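*Asks:* show me how the following folds:
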Amino acid sequence: MKNQLAGTGVLLRLALRRDRVMMPVWVLVTALLVVSMPGSLGSVYGTAAERAQVAASMNANSSMRALYGPVFGDSIGGLTAWRIGVYGAVLAAVMSLIVVVRHTREEEETGRQEMVSAAMVGRRAPLTAALLAALVANVCAALLIAGGLAGQGAPGALALALAIAGTGMLFAGMAAIVAQLTETARAAKGITAAVLGAAFVLKAAGDAGTADGTSVLTWASPLGWVENVRAFAVERWWVLVLLAAAVVVQAGVGYLLAERRDVGLSFLPPRPGPAEGRLGTAGALAWRLQRGSLIGWSLGFLVAGVVFGGMADGAADVVGGNEKTREIIERMGGQGGLTDAFLATMAGMFGLVAALYIVSAVLRLSGEESGQRAEPLLANAVGRLRWAGGHLAVAFGGSALILLLAGLGLGIGHGQDAGAAVGATLAQLPAVWVIGALAALLYGAVPQYAVAAWAVAGTALVLGWIGPALNLPGAVLDLSPFAHLPKLPGAQALTWAPLLTLTGLAAAFTAAGLAALRRRDLAA
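*Replies:* Residues are numbered from 1 along each chain as shown. This next block holds a predicted model:
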């Protein structure tokens, strides 16, 4: 066993050094989202009566239970665990799966792991270092969360922090298994993220059916375990033991699979050719490579649109007479009626999430280059602009498609004018394109820092998500391109100036990125 772990410490230090920017950003954002919630909730629900009223309203509304889960405690801490606990766990899970896949399958895919394994490195060292890196990140997040929420009650703060960190490690273990099954890092991340999405759907379905978290579907989801810890209520510490046991089992399966395959290979190799159809252009190849991801995003946006659209008419019942809650929703969604403001808020959230899609699609260029699949293609009669343009067309066109489907879903779910809902979601498109164009500029000009595009999209998401609730200054909110968009549907009239300005910026950034790509060398 000792020889199998040889070199673990060195690989761990290397992993932490490589992630010295990404990991602290993830940890700080996750912790900030959680620890900032008591302040915003306290300003909205300042009295025990108001908190009891909102807890009763949420538990009586199946749509809201599906979105946030049941409320187990009506203290500020209890409402914090209800409002942000599961979403904090989702962020920890995404961080963990990225870290583990990055330092396992991605290392093998690029050939670096084979060179490392030629030295004095044990068989289990790479996977152990990856899991320990994820553990370091989750422990840091847990410490920040527990410290930040200690004023609401130390036991509840500790329970919520451990639940969030435990979920992160659970999906780190899941990523460790999937990394052995697939041959590419992209597939490993996609499959693990799909499992995370399925876990959220299971929890939502279970919570919609019951108001006490006892549904079989809720317990079938690891995210359901987070809410069933019942932080700041009557804490169930044994659920954390269940989380820990699942992490140990998954890590064990990951080690077992890793020992039964050669470096660089997988248990599920890609299907051999010939590929169906004809790939006559670089654009057709880009579509073939990205169509699976786009189809998944499209279906997800359509279903989410239907769900959120069905919740729109219940927004007034949930808010009741709480003017501060109404003010927050109207700040996010405009000054129209509360239902229109809710729909505008949902349209804005779809835009923020679509920014994550477009960054992922644009950075496929970086993956093709670093994986050395672009160079053989460009050695033929394919220019760089044609090659990059194919992927950018899928990225920019795909973002328009998923927002279109989200708007259709909102209209179908609400049962009202679908055209207004589609217009509201498509109004987010110029801001989404600005984020994608910045990703293209980073890739073209400074490819080694292209991953910073995730930070750009993440900043926009954080500002749009918690900025209005925290009453941040307008100058801070204006840093996001989404802050300059008209809030539709609602009383606010459609103004074309910001839409055209943002579209022009997107075109300029994209052109600059392509010009830089033409001049620089490809990665060796």
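*Asks:* need phi/psi at residue 208.
*Replies:* Torsion angles at residue 208 (phi, psi; degrees, to the nearest 10) stand at phi -70, psi -30.
*Asks:* could you do residue 110 as well?
*Replies:* phi -90, psi -10.
*Asks:* residues touching it, list them.
*Replies:* For residue 110, the contact set (C-beta atoms under 8 Å, 6 or more residues apart in numbering) comprises 370-371. From N, CA and C alone the C-beta is placed, and that goes for glycine too.
*Asks:* which pLDDT value belongs to it?
*Replies:* Looking at residue 110, its pLDDT is 75.
*Asks:* from residue 67, how far off is it?
*Replies:* 39 Å (C-beta to C-beta, to the nearest Å).
*Asks:* the stretch 251-400 of the chain: helices as residue ranges?
*Replies:* Residue ranges of the helices in the stretch 251-400 of the chain, as given by DSSP state H, counting those that start in this stretch, are 282-311, 315-319, 323-333, 338-362, 364-370, 374-378, 384-414.
*Asks:* between those, which gets nearest to residue 172?
*Replies:* helix 338-362 (20.3 Å; C-beta to C-beta).
*Asks:* pLDDT on that closest one, on average?
*Replies:* Helix 338-362 comes out at a mean pLDDT of 85.
*Asks:* which secondary structure elements does it contact?
*Replies:* helix 282-311, helix 315-319, helix 323-333, helix 384-414, helix 418-426, helix 429-445, helix 452-466 (3 or more C-beta pairs under 8 Å, 6 or more residues apart in numbering; DSSP states H and E).
*Asks:* please work out which of those is packed deepest.
*Replies:* Neighbour counts (mean count of other C-beta atoms under 10 Å) averaged over each of the helices and strands packed on helix 338-362 peak at helix 429-445, with a mean of 26.
*Asks:* other SSEs contacting it?
*Replies:* By 3+ C-beta pairs under 8 Å, 6+ apart, helix 429-445 packs against helix 338-362, helix 364-370, helix 384-414, helix 452-466, helix 496-519.
*Asks:* give me the buried positions along the last one.
*Replies:* It refers to helix 496-519. 498-499, 502-503, 505-506, 509-510, 513-514, 516-517 (16 or more other C-beta atoms under 10 Å).
*Asks:* what's the offset of that helix from the middle of its chain?
*Replies:* In terms of C-alpha atoms, centre = their mean, to the nearest Å, the centre of helix 496-519 is set 25 Å apart from its chain centre.
*Asks:* ok, the nearest residue to residue 184 once chain neighbours are set aside - contacts?
*Replies:* Among residues not flanking residue 184 along the chain, residue 109 sits closest, at 5.9 Å (C-beta to C-beta, 6 or more residues apart in numbering). Residue 109 is in contact with 183-185, 264, 371, counting by C-beta under 8 Å, 6+ apart.
*Asks:* ok, residue 417 next?
*Replies:* Contacts of residue 417 by C-beta under 8 Å, 6+ apart are residue 411.
*Asks:* cool, residue 385 as well?
*Replies:* Applying C-beta under 8 Å, 6+ apart, the residues contacting residue 385 are 514, 517-518.
*Asks:* go again with 10 Å.
*Replies:* Shown in contact with residue 385 (C-beta atoms under 10 Å, 6 or more residues apart in numbering): 282, 392, 514-515, 517-518.
*Asks:* and the contacts of residue 109, which are buried?
*Replies:* 183-185, 371.
*Asks:* in helices only, show me those.
*Replies:* Judged by DSSP state H, helices contain the following of the buried ones among the contacts of residue 109: residue 185.
*Asks:* closest to residue 131 among the buried ones among the contacts of residue 109?
*Replies:* residue 185 (16.2 Å).
*Asks:* what about the residue nearest to that closest one when sequence neighbours are not counted, how many residues nearby?
*Replies:* Residue nearest to residue 185 in three dimensions, not counting chain neighbours: residue 106, with 3.9 Å by C-beta to C-beta, 6+ apart. By other C-beta atoms under 10 Å, the residues close to residue 106 number 23.
*Asks:* how about residue 350?
*Replies:* 25.
*Asks:* that one and residue 141: what is the separation?
*Replies:* 27 Å.
*Asks:* likewise for residue 98?
*Replies:* 14 Å.
*Asks:* give me the common contacts of the two.
*Replies:* Joint contacts of residue 98 and residue 141 (C-beta under 10 Å, 6+ apart) are 23, 26.
*Asks:* name the nearest of the buried residues of helix 496-519 relative to residue 247.
*Replies:* Once C-beta to C-beta is applied, the member of these that ends up nearest residue 247 is residue 513, at 40.7 Å.
*Asks:* pretty sure the closest one contacts residue 440?
*Replies:* Yes: with contact defined as C-beta atoms under 10 Å, residue 513 reaches residue 440; the gap is 3.8 Å.
*Asks:* who touches both of those two?
*Replies:* 362, 365, 388, 392, 450.
*Asks:* and residue 200, what element?
*Replies:* Counting by DSSP states H and E, the element that carries residue 200 is helix 185-209.
*Asks:* just checking, next helix/strand downstream of that helix?
*Replies:* helix 216-219.
*Asks:* contact partners of that next one?
*Replies:* Under C-beta under 10 Å, 6+ apart, the answer for helix 216-219 is 69-70, 201-210, 212-213, 224-225, 227-228, 239, 242.
*Asks:* recalculate using a threshold of 8 Å.
*Replies:* So helix 216-219 is contacted by 202-203, 205-207, 209-210, 224-225, 227-228 (C-beta under 8 Å, 6+ apart).
*Asks:* output the contacting helices and strands for the next helix or strand after it.
*Replies:* Sequence-wise, the next helix or strand downstream of helix 216-219 (DSSP H and E) is helix 222-228. Judged by 3+ C-beta pairs under 8 Å, 6+ apart, the packing partners of helix 222-228 are helix 76-102, helix 154-181, helix 185-209, helix 216-219, helix 237-258.
*Asks:* so how far is residue 55 from residue 170?
*Replies:* 28 Å.
*Asks:* meant to ask about residue 171, not that
*Replies:* 29 Å.
*Asks:* compare the two (neighbour count), which wins?
*Replies:* Neighbours per residue (other C-beta under 10 Å) separate residue 171 from residue 55, with residue 171 holding more: 29 against 20.
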